[in-house]
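1. Can you look at this prediction? I've put the sequence above it.
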Amino acid sequence: MSSHGAPIPMTSRACGPLNGTAEVPGDKSISHRSLILGALSVGETTITGLLEGQDVLDTAKAMRAFGSEVVDHGSGSWSVRGVGVGGFAEPENVIDCGNSGTGVRLIMGAMATSPISATFTGDASLNGRPMARVTDPLALFGTQAVGRAEGRLPMTIIGAADPIPVRYVVPVPSAQVKSAVLLAGLNAPGKTVVIEAEATRDHTERMLAGFGAEITVEDTDEGRKITLTGQPELKPQHIDVPRDPSSAAFPVCAALIVPGSDVLVPGIGLNPTRAGLFATLRDMGADLTYENERTEGGEPVADLRARFSPNLKGIEVPPERAASMIDEYPVLSVVASYAQGQTVMRGVKELRVKESDRIDAMAKGLRANGMEVEEGPDWWIVTGRGHGNVPGGATCASQLDHRIAMSFLILGMAAQNPVRVDDGGPIATSFPIFEPLMQQLGAQVSRDVV
């Protein structure tokens, strides 16, 4: 089942050229953080372009439960009247974060150093994901966590009444873990320090600075060192959310593999900690260009133009690029299927603990559709068959994972036979307009009659 209802089987078929403009939704990472930091500010933060997918809507509900006034003004325009750092009220009910690992982990961090308790749950996928990677560092502040075996939801977080600042070296590259610790550090006296050996998406650092926090970032022998001075008064902001590069990946990749396609995806955030996929596609020989490059709200932005690329080549993706494209490996494996030769992806063990085990889910589905895939604990290899040679014809399990479902639907747009997913319902968590947007471009994507 999908996270919020009965399964929605969907089928994708080979189609004519994809043409037009794909206006994808707002960035999910920035949308979550806009709501949370707005709730921790003093005054009213206004947001335009907010992603209104279920994940972000669940975060909005959570901020209301913690005492913030969150108002939907329509058409992606929202306002958040914050309660200030340390001002969260104790929720009356369980906080349901649906399918969102980002939402639950960031919210845990934001409340971890306030003297309140909150219980978190989610759908079957989220309740199976590990939370110790966040609750372990939060314990250093004095926070307690009580959950199911192996640190899984449902879980109650008991905030630290007298938090202390921490110095934490992130063991595995994770923007969620880093961000949770920084958000917890907001209400701890003194300086909280986070060190990451490999840079991950830096929206939290950029946005904390924009909201008036005292935060510094420097490169040291230990790695990237982020120092946050606790107990600031955050100032409300106006945030214009750029369009999501992770969502843009789907129409971009579809255009590259469907003959005759020419698709423009405007206003995409190209933060260097998020743009690894587009660099990788260009390395593979993709006809992908940046137009109208500019800066909006402190973030680099451009319009992406993707055209059919019949001579894609498999490559070895630089492992150091993994953190900047971790969510895009599933759809990259689809493009790799239409390339000539092997595409090798290493340093990607984080994919094993996403909404699903994404390496396992994609490997099984690609093999069922006639592809050769090898895999290991933190690597996988897709041997491409070249343009026009992907058999297709299988039904793939989405594993309650929006990116798995969308990736297999993209696969079907150029395969010899239709590709079906057992449940497209999870797509609504991050890309609620995926189906009509792709249909408008010319894709043959449809819901199955059941």
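-> Ah, there it is. Numbers count the residues shown, from 1 in each chain.

2. All the helices of this structure, residue numbers only.
-> 28-39, 54-65, 101-111, 132-139, 175-185, 203-210, 245-257, 276-283, 329-337, 358-368, 402-412, 434-441 (DSSP state H).

3. now the second one: how far from the chain's centre is it?
-> Going back to what we said before, that points to helix 54-65. Chain-centre distance of helix 54-65: 16 Å, with C-alpha atoms, centre = their mean, to the nearest Å.

4. give me the number of residues near residue 355?
-> 26 (other C-beta atoms under 10 Å). Where you see a C-beta, it was placed from the backbone N, CA and C, and this is true even at glycine.

5. begin at 41 from here
-> Sure, I'll start numbering at 41, so the last one becomes residue 395.

6. From residue 443, how far out is it?
-> According to C-beta to C-beta, to the nearest Å, residue 395 and residue 443 sit 7 Å apart.

7. so what's residue 375 up against?
-> 293, 296, 297, 321, 324, 326, 352 (C-beta atoms under 8 Å, 6 or more residues apart in numbering).

8. mind checking how far it is from residue 320?
-> According to C-beta to C-beta, residue 375 and residue 320 sit 9 Å apart.

9. Please apply the same query to residue 192.
-> Going from residue 192 to residue 320 by C-beta to C-beta gives 33 Å.

10. The closest residue to residue 259 other than its chain neighbours: neighbour count?
-> Nearest non-adjacent residue to residue 259, counting by C-beta to C-beta, 6 or more residues apart in numbering: residue 265, 7.5 Å away. The tally of other residues near residue 265 (other C-beta under 10 Å) stands at 17.

11. And residue 189, by the same measure?
-> Other residues close to residue 189 by other C-beta under 10 Å number 5.

12. List phi and psi for it.
-> phi -50, psi 150 (degrees, to the nearest 10).

13. Give the full set of residues in contact with it.
-> By C-beta under 8 Å, 6+ apart, residue 189 lies in contact with nothing.

14. do the same with residue 208
-> When contacts are counted by C-beta under 8 Å, 6+ apart, residue 208 is found next to 177, 180, 221, 232, 233, 234, 235.

15. Might one say that residue 453 is in contact with residue 482?
-> No: look at residue 453 against residue 482 with C-beta atoms under 8 Å: they stay out of range, at 9.3 Å.

16. list residues touching both of the two?
-> By C-beta under 8 Å, 6+ apart, residue 453 and residue 482 have these common neighbours: 55, 58.

17. measure the residue lying closest to residue 260 once chain neighbours are set aside to residue 311 for me?
-> Excluding the flanking residues, the one nearest residue 260 by C-beta to C-beta, 6+ apart is residue 235, at 7.5 Å. From residue 235 over to residue 311 the distance is 20 Å, taken as C-beta to C-beta.

18. between the two, who's got more neighbours?
-> Using other C-beta under 10 Å, the more surrounded residue of residue 235 and residue 311 is residue 311, with 20 against 16.

19. Which residue comes closest to the more buried one once chain neighbours are left out?
-> residue 339 (5.5 Å).

20. count of neighbours near that neighbour?
-> Neighbours of residue 339 (other C-beta under 10 Å): 19.

21. tell me how far stretch 120-134 is from the chain's mean position?
-> A distance of 24 Å separates the C-alpha centroid of stretch 120-134 from that of its chain, computed with C-alpha atoms, centre = their mean.

22. Could you do stretch 326-341 as well?
-> Mean-position distance between stretch 326-341 and its chain equals 19 Å (C-alpha atoms, centre = their mean).

23. Give the buried residues for that stretch.
-> For stretch 326-341, burial by neighbour count (16 or more other C-beta atoms under 10 Å) applies to 326, 327, 328, 330, 337, 339, 340, 341.

24. Would you mind naming the residues that bridge with the third one?
-> In this structure, residue 328 bridges to residue 346 when assessed by DSSP bridges.

25. circling back to that earlier point, let me see the contact set for the residue nearest to residue 260.
-> 207, 208, 209, 210, 260, 262, 263, 264, 265, 266.

26. Show me which residues of stretch 474-484 are buried.
-> 474, 475, 477, 478, 481, 482, 483.

27. Same question for stretch 276-294.
-> 276-277, 279-294.

28. Which residue, other than its chain neighbours, is closest to the spatially most distant residue from the centre of the chain?
-> What lies farthest from the middle of the chain is residue 202; by C-alpha atoms, centre = their mean that is 32.5 Å. Leaving aside its chain neighbours, residue 202 sits nearest to residue 182 (6.4 Å; criterion: C-beta to C-beta, 6+ apart).

29. Distance of residue 445 relative to residue 154?
-> The gap separating residue 445 from residue 154 is 37 Å, by C-beta to C-beta.

30. Settle it for me: which of the two has more neighbours?
-> residue 445 (27 against 24).

31. Model confidence at the more buried one, what's the number?
-> Per-residue confidence (pLDDT) for residue 445: 98.

32. possible to save the contacts of residue 235 as CSV with pLDDT and distance to residue 470?
-> Shown next, in CSV, are the contacts of residue 235 (pLDDT from 0 to 100; distance: C-beta to C-beta, whole Å):
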residue, pLDDT, distance to residue 470
207, 98, 33
208, 98, 28
209, 97, 30
210, 96, 24
260, 96, 34
262, 93, 34
263, 94, 29
264, 96, 27
265, 98, 31
266, 98, 26
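
33. residues touching the residue nearest to residue 202, list them.
-> Contacts of residue 182 (C-beta under 8 Å, 6+ apart): 153, 200, 201, 202, 203, 204.

34. what's the answer for residue 223, then?
-> 76, 80, 146, 149, 150, 152, 244.

35. Residue 110: neighbouring residues, count only.
-> Around residue 110 there are 22 other residues, counting by other C-beta under 10 Å.

36. Next: residue 156.
-> 17.

37. For the closest residue to it other than its chain neighbours, give its distance to residue 155.
-> Of all residues not flanking residue 156 in the chain, residue 130 sits nearest, at 4.0 Å (C-beta to C-beta, 6+ apart). Taking C-beta to C-beta as the measure, residue 130 falls 9 Å from residue 155.

38. What segments of the stretch 41-190 of the chain are strands?
-> Assigned by DSSP state E, counting those that start in this stretch, the stretch 41-190 of the chain shows strands spanning 50-53, 59-61, 82-88, 109-112, 118-123, 135-136, 157-161, 184-188.

39. In TSV, list the ones you listed along with distance to residue 449 and mean pLDDT.
-> Shown next, in TSV, are those (distance: least, C-beta to C-beta, whole Å; pLDDT from 0 to 100):
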stretch	distance to residue 449	mean pLDDT
strand 50-53	4	98
strand 59-61	18	98
strand 82-88	29	97
strand 109-112	29	98
strand 118-123	29	98
strand 135-136	27	98
strand 157-161	29	98
strand 184-188	33	96
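
40. Would you mind giving these as CSV with distance to residue 461 added?
-> Listed next are the strands of the stretch 41-190 of the chain as CSV, based on distance: least, C-beta to C-beta, whole Å:
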stretch, distance to residue 461
strand 50-53, 5
strand 59-61, 24
strand 82-88, 32
strand 109-112, 30
strand 118-123, 31
strand 135-136, 25
strand 157-161, 26
strand 184-188, 29
